[in-house]
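J.: The following block contains a protein sequence and its predicted model.
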Amino acid sequence: MFSRHYRKVKALFGLSDVVLTAIAFEAAYLSRVWLPFDNLFYLSASHKALMLGFSVLTWLALGIWLNVYDKLDSGDPRSIMRNSLKQTLFGIVGVILLQYAVRLETPLSRSFLALFATYSWILLCLFRMSAGNVVGLIRREFGAPHYVMVVGTGTSARQLGQALEHSARHGICLLGFLSEGDAPRTVELQKVYPVRPLGDLKALLREQVIDDLLFAVESNCIAGLEDVLVLCDEEGVRTRMMVDFFPHVNSEVYLDRLGSIPLLTFAAAPHDEIKLFVKRVTDVLLAAAALAVLSPLMALIVALIRFTSPGPVIFRQERCGLNGRRFTFYKFRSMCANAEQMKAELEYLNERETAFKIADDPRITTIGRWIRKFSIDELPQLWNVLKGDMSLVGPRPAVPCEVDHYKGWQRRRLRMRPGLTCLWALKGRDHLDFETWMKMDMQYIDTWSLALDWKIMLRTVPKVLLGKGAH
């Protein structure tokens, strides 16, 4: 399915959550009012509107945050029931917290909350389990079929044809193939499609509806298709080019412009400037708030380090940041003052292939061992976040000598701003081997989203407070 069609499906699921949550809220409210309980339950119009609006927005936000809408079109019943229950329970917790925040005159009835959760979960499950049929019905009744033809008959064209067939339930209709020179008269996939000469395109555009023309040809043939592209441009037919010139390149491909010059861009890391800007704003706000709140603790740590071991309180080191930019990295000193000079003597104890790591490092001070266990030594990096050298979430910043020994695929982790925490922090932190650590950084880069950042931050907090996985 084309991405714009997929966005329509996600929007439909989001809209359905808004409607179903509102229905569940109203049904629970009426049920609780009608139930013959001794305690009466009543909300003023303003408080009811506030609760209803908050519930609708919360359920929708949770659906986006939990990636529920990405799975509904083909999700199995158990996954749907589990995700709907998670969304409902988190939503109810949010409603409970809101009532204390706004100090409702009449506290929400526990039976109302139970009914709201039950109705919401049932309605969401019923709709989502029949979502495929509902989406198909809406497309048939309200959306015209989308007719496409493929230029080419080679392997790439056949793969494209199979993908289009798979998208038939989303309203995409493959009419056939176009080709120049010697070509088979038909292409057999799930159905048998006619192959028409490319020279017949002008007549075809007048004989039948063609919404999109998809090109799946060899790269050396593209220059010879200018007349075809001009014809489509004149006729107003949308054209799409299958970009498989470099079959082993897995980067996201998109068209950018430098002034009026079009540039076909291959991006191996997140590139959405709006989302990255939101990520940066979040970093600045949360880092500034954390520095203000944690300043008494940081002052205490400064005093403990200064009075228990000689040397500077802050450890400074050159690290590699975004795209290899060098910056000064800050930590509370947790080792003896000459730790860097002792590194060569302790090389034989190193437990990792590229990074330098010793489980019971003899250079660590008594206070250092404690602040490392709870990651308190990382707090000065909040200043790195404010400066823009780092982010709250991202691959850990590496020292230049480690980067020099990276394998080719490992260098891609430099294409994301380094962070205080990442996926590896949730899976064992210092107990992970170097290869797994690198692969998890790649997984983060490939699946990055604002919601993923929040998930990592929220799940990192209990890990840090309990001191799990660090040494």
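T.: Everything's here; your move. Numbering: from 1, shown residues only.
J.: could you say what helices and strands the helix or strand where residue 91 lies packs with?
T.: In this assignment (DSSP states H and E), residue 91 forms part of helix 77-102. With contacts defined as 3 or more C-beta pairs under 8 Å, 6 or more residues apart in numbering; DSSP states H and E, helix 77-102 has these neighbours: helix 45-65, helix 110-129. C-betas here are computed from N, CA, C, even on glycine.
J.: Nearest to residue 442, out of the ones you listed?
T.: Judged by C-beta to C-beta, the one of the helices and strands packed on helix 77-102 that comes nearest to residue 442 is helix 45-65, at 22.9 Å.
J.: which intervals of the stretch 151-300 of the chain have sub-threshold pLDDT?
T.: Scanning the stretch 151-300 of the chain for pLDDT under 70 picks out the ranges 170, 244-250.
J.: picking that back up, and the helices and strands packed on helix 77-102: which comes nearest residue 416?
T.: Closest to residue 416 of the helices and strands packed on helix 77-102 is helix 45-65 (C-beta to C-beta; 20.7 Å).
J.: And that closest one, what does it pack against?
T.: Short answer (3+ C-beta pairs under 8 Å, 6+ apart): helix 45-65 packs on helix 3-34, helix 77-102, helix 450-466.
J.: in the longest helix seen in the chain, what counts as buried?
T.: Ranked by residue count under DSSP state H, the longest helix found in the chain is helix 273-308. Counting neighbours by 16 or more other C-beta atoms under 10 Å, one finds that the buried residues in helix 273-308 are 276, 279, 282, 283, 287, 290, 291, 298, 301, 304, 305.
J.: okay, the angle between it and helix 450-466?
T.: Helix 273-308 runs at 10 degrees relative to helix 450-466, counting by axes from the mean of the first three to the mean of the last three C-alpha atoms, to 10 degrees.
J.: got the residue ranges for the strands in the stretch 151-300 of the chain?
T.: Applying DSSP state E, counting those that start in this stretch to the stretch 151-300 of the chain gives strands spanning 172-179, 186-188, 192-197, 212-215, 238-241, 252-258, 261-267.
J.: of all those strands, which lies closest to residue 64?
T.: strand 252-258 (20.5 Å).
J.: tilt between that closest one and strand 261-267?
T.: Using the same axes, to 10 degrees, strand 252-258 lies at 150 degrees relative to strand 261-267.
J.: any idea whether residue 330 is helix, strand or coil?
T.: Here residue 330 is recorded as strand under DSSP: H, G, I helix; E, B strand; the rest coil.
J.: ok, how many other residues are close to it?
T.: 21 (other C-beta atoms under 10 Å).
J.: what's near enough to touch it?
T.: 314, 315, 316, 380, 381, 383, 384 (C-beta atoms under 8 Å, 6 or more residues apart in numbering).
J.: are any of those residues buried, and which?
T.: 315, 380, 381, 384.
J.: Okay, strands next: where are they in the stretch 351-471 of the chain?
T.: 391-393, 419-421.
J.: Number of residues surrounding residue 67?
T.: Quick note: residue 67 (other C-beta under 10 Å) scores 14 neighbours.
J.: which residue sits closest to it, ignoring its sequence neighbours?
T.: Spatially, and ignoring its direct neighbours in sequence, residue 67 is nearest to residue 451 (7.1 Å; C-beta to C-beta, 6 or more residues apart in numbering).
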